[in-house]
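Chemist: Compute the structure for the input listed below.
(chains A and B)
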Amino acid sequence: MTDWLTQLLLTTPPGLWLAAAGLLMAVMNTTLRGVMVMTLPIALLYLIWWMPEGHTVTTGFAGYALTPIEVTRLGRVFATVFLIMAFCGGLYAFRYANKLELCSAFVYAGSALLVVLSGDLITLLIGWELMAIGSSLVIWSAGTDAAYAAARRYISVHLLGGVLLMAGVIGYIHSQGTTSFSAMQADNLYNILILAGFLVNAGAPPLGSWIGDAYPEASPSGMVFLSAFTTKTAVYALLRGFPGEEILIYVGLFMVFYGIIYALLENDMRRILAYSIVNQVGFMVTAAGIGTDLAINGAAAHAFCHIIYKALLLMSAGAVLAQTGKRRCTDLGGLWQSMPLTATCGIIGALAISAVPWTSGFVSKSMISQAAAYEHLPMVWMLLAAASAGVFLHAGIKFPWFVFFQKDSGLRPEEPAWDRKLAMLLFSAACIGLGIMPGPLYAILPFPVDYVPYTADHVVSQLQLLLFAGLAFFVMLPQLQRTLTISLDLDWFYRRLGNNIIAGMREFYLRTEQVCSSLIGKAGALSIQGLQRAAPAIGNLGTAAMASAVLILLSVYLILFY
Amino acid sequence: MKSLLRKLNPNRVPNLSPVAWIVTGIGLCALLVAEFFVHHHSHFGFEDSFGFYAWYGFAASAGLVILGNLLSKVLKRPENYYQSENDND
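Modeler: Next up, the predicted model:
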């Protein structure tokens, strides 16, 4: 390889290649676009592993020191799975998604890559904002009215999060005197603002309703892309910036149970999976709060496996949506007969998210519980264990049961085409492969791994937990019947209450304006009438006379008071 | 077992063949039997009691479903609850 090419490859942030390709794809023809989608992520995967660990590139910008490339072990785990996701998501999408969606998805993925492979806060901020734009366009590109509205709400929340982050970053840089992104504590205003900015993208309350609101409005392939990048980049940022920050444990646990409860109540199958994202990210946020080496390893491993099995679940749900046009559980059922492959892949994803032994979830999520145990946090451990049962309930059983089994809806959709089937099969293989052989995943985790997932104790305990939870599901099935409803979320405060307050204020203003102008009108009319009656002569004076009268008055005033 | 479940929720019990039910039943019992052969590595002192994970999994799931149903009384709204806001856009 020639020297200048090597230099170019080593000094250009990998994410920029992906984002630039996204922009160029807008002017490419379909074939070339397909080639780009299939080859670029793989090429970049090779590139980031060819770069040595610790490879750093610094530069200056407007007087600040930037580190646009910094290959850390933590960042590389995320970058790897992001590129795998870009490849498989692209395979799933490129024959169906419109040009805008594909291009913005690549810009989105590229900017996520920029964030996780950089070393300073300014590059992080740039990538963060680009992600907001890219992801909003992915939602918007679905083209429905609901998608437009959802994209507007989504970008509003994300730009707000970006403002919080920017305020914190600016303050941090000026008070600390450095731009580099290292672990910090939330003990001053700027750090708290940075934490808040990270948490908005993670989907934490109170500004986390956008996941359940906006993701399901995207196209089938769009939601596959969306599920991976924003939330997991936020997890990376939390792991690097705030490990051991205690409040994250509570925020994470809240997210875990919020996700389960809302998913249990939900009727829209993709909204169920969206709430499930919040639930799983909650596990990662809790792990960030615990902050030990094992916890960080667990969160990174969990993020890796989660991206893959959540994408698999969404691909399965997306195929159902694309083939039937239906998204509500009440409209679906019995699809196992005509879509056995989609159903099987969906079930594999469901088993993986439930952390069934020999799937990827089992070798990753359990590290987080183990970290809680080692830190002597019994309540946290108990809640995480209860949540594991809850995950099996809402994602492991509920999703496949209501979509593919349950009752015969009469629908007989066909399987999707070869590319979508291949994408699902690849990720299914990954879910099982990682579950059987976690070695390669453990090898790339930030810290050395001495955790052993497959002990008789652990396998038996997990199977007991899950299968008896499953028994509860079928015993309580009547309580789980779906209704044609949505569940109110914290966004009610600005979507309904805020709207009503502003509408009320507008009403008040209009009424007041009406009353005042009519009052002024009446007062004006009255005074003119009064004047005319009282002094008819004045009413008949000409302009010249009036002007001289004013002149006389002003002169008297001047003489008297000056 | 099947008839017991039928009594609890008629019309809802999945229509599986008897074989599937027997296999499920054997599986659940086998897991409990495995308790005798597996040594639990306990961190807190309570999670190595007999069949802890089994009853905890059942109780946690049932609890979550009940909690969900309670919250649904406050949180549920018809599907088109936010529709009027879309019309104003």
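
Chemist: can you give me the helices for the stretch 51-200 of chain A?
Modeler: In the stretch 51-200 of chain A, the helices defined using DSSP state H, counting those that start in this stretch lie at A:73-93, A:99-116, A:121-140, A:145-176, A:189-202.

Chemist: From the contact counts, what lies against the first one?
Modeler: So the one you mean is helix A:73-93. helix A:30-50, helix A:99-116, helix A:220-241, helix A:293-324, helix A:418-436, helix A:439-444 (3 or more Cβ pairs under 8 Å, 6 or more residues apart in numbering or on different chains; DSSP states H and E). Where you see a C-beta, it was placed from the backbone N, CA and C, and this is true even at glycine.

Chemist: Name the residues of that helix that come out as buried.
Modeler: Residues of helix A:73-93 classed as buried by neighbour count (16 or more other Cβ atoms under 10 Å in any protein chain shown): A:74-93.

Chemist: go on, the last one?
Modeler: The neighbour-count criterion (16+ other Cβ under 10 Å) identifies A:190-202 as the buried residues of helix A:189-202.

Chemist: got any ranges where chain B has weak pLDDT?
Modeler: Applying pLDDT under 70 to chain B flags the ranges B:1-17, B:84-89.

Chemist: Would you point out the helix or strand in chain A whose mean pLDDT is lowest?
Modeler: Within chain A, no helix or strand scores below helix A:536-539, which has a mean of 60 by mean pLDDT, DSSP states H and E.

Chemist: circling back to that earlier point, with residue B:36 as the reference, name the closest of the helices and strands packed on helix A:73-93.
Modeler: Distance to residue B:36, taken as Cβ to Cβ, is lowest for helix A:418-436 among the helices and strands packed on helix A:73-93, at 26.8 Å.

Chemist: Name the residues of that closest one that are buried.
Modeler: A:419-421, A:423-424, A:426-428, A:430-432, A:434-435.

Chemist: With pLDDT added, can I get the residues you listed in CSV?
Modeler: Below are the buried residues of helix A:418-436 laid out as CSV (pLDDT from 0 to 100):
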residue, pLDDT
A:419, 94
A:420, 95
A:421, 95
A:423, 96
A:424, 96
A:426, 96
A:427, 97
A:428, 97
A:430, 96
A:431, 96
A:432, 96
A:434, 96
A:435, 95
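
Chemist: Looking at those residues, which is nearest residue A:345?
Modeler: Here the nearest of the buried residues of helix A:418-436 to residue A:345, counting by Cβ to Cβ, is residue A:424; it sits at 4.0 Å.

Chemist: thought the closest one was touching residue A:313?
Modeler: No: using Cβ atoms under 8 Å, residue A:424 is not in contact with residue A:313, being 9.9 Å away.

Chemist: so where's the longest helix in chain B?
Modeler: helix B:52-75 (DSSP state H).

Chemist: Tell me the residues of the stretch 251-400 of chain A that contact chain B?
Modeler: Within reach of chain B by Cβ under 8 Å from any Cβ of the partner chain, the stretch 251-400 of chain A has these residues: A:257, A:260-261, A:264-265, A:267, A:373-374, A:376, A:378, A:381, A:385-386, A:389-390, A:392-393.

Chemist: Separate out the buried members of the residues you listed.
Modeler: A:257, A:260-261, A:264-265, A:267, A:373, A:381, A:385-386, A:389-390, A:392-393.

Chemist: Which pair of those residues spans the longest distance?
Modeler: Most distant of those, by Cβ to Cβ, are A:267 and A:373, 36.6 Å apart.

Chemist: pretty sure residue A:206 contacts residue A:492?
Modeler: No: applying Cβ under 8 Å, one finds residue A:206 not in contact with residue A:492, separated by 10.9 Å.

Chemist: okay, those two: which has more neighbours?
Modeler: Set residue A:206 next to residue A:492 and count neighbours by other Cβ atoms under 10 Å in any protein chain shown: residue A:492 wins out with 17 against 12.

Chemist: Which stretches in the stretch 251-400 of chain A count as helices?
Modeler: In the stretch 251-400 of chain A, the helices defined using DSSP H, counting those that start in this stretch lie at A:269-290, A:293-324, A:340-353, A:360-374, A:378-391, A:399-404.

Chemist: Give the closest residue to residue A:40 in space, chain neighbours not counted.
Modeler: For residue A:40, ignoring the flanking residues on the chain, the nearest one in space by Cβ to Cβ, 6 or more residues apart in numbering or on different chains is residue A:21 at 5.4 Å.

Chemist: quick one: contacts for residue 51?
Modeler: The chain I'm using is chain A. Residues counted as contacts of residue A:51 (Cβ atoms under 8 Å, 6 or more residues apart in numbering or on different chains) are A:10, A:69, A:71.

Chemist: look at chain B instead
Modeler: Contacts of residue B:51 (Cβ under 8 Å, 6+ apart): A:464, B:32, B:35.

Chemist: TSV for those, including secondary structure and neighbour count?
Modeler: Converted to TSV, the contacts of residue B:51 look like this (DSSP: H, G, I helix; E, B strand; the rest coil; neighbours: other Cβ atoms under 10 Å in any protein chain shown):
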residue	secondary structure	neighbour count
A:464	helix	24
B:32	helix	15
B:35	coil	18
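
Chemist: and these as TSV, adding distance to residue A:322?
Modeler: Shown next, in TSV, are the contacts of residue B:51 (distance: Cβ to Cβ, whole Å):
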residue	distance to residue A:322
A:464	38
B:32	43
B:35	46
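
Chemist: hmm, back to that, might one say that the residue nearest to residue A:40 is in contact with residue A:110?
Modeler: Yes: taking Cβ under 8 Å as the definition, residue A:21 is a contact partner of residue A:110 at 7.4 Å.

Chemist: which of the two has more neighbours?
Modeler: Neighbour count, other Cβ under 10 Å: between residue A:21 and residue A:110, residue A:110 has more, with 29 against 22.

Chemist: confidence score at residue A:213?
Modeler: With respect to pLDDT, residue A:213 scores 94.

Chemist: and the helix or strand hosting it, how far from the chain's centre?
Modeler: If you go by DSSP states H and E, residue A:213 is part of helix A:210-214. Centre-to-centre, helix A:210-214 and its host chain are 8 Å apart (Cα atoms, centre = their mean, to the nearest Å).

Chemist: residues contacting the residue nearest to residue A:40?
Modeler: Residues counted as contacts of residue A:21 (Cβ under 8 Å, 6+ apart) are A:36, A:40, A:106, A:110.

Chemist: Mind doing that once more with 6 Å?
Modeler: A:36, A:40, A:106 (Cβ atoms under 6 Å, 6 or more residues apart in numbering or on different chains).

Chemist: Could you save the helices of the stretch 51-200 of chain A as TSV and add columns showing mean pLDDT?
Modeler: Shown next, in TSV, are those (pLDDT from 0 to 100):
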stretch	mean pLDDT
helix A:73-93	96
helix A:99-116	96
helix A:121-140	96
helix A:145-176	95
helix A:189-202	96
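
Chemist: Many thanks, have a good one.
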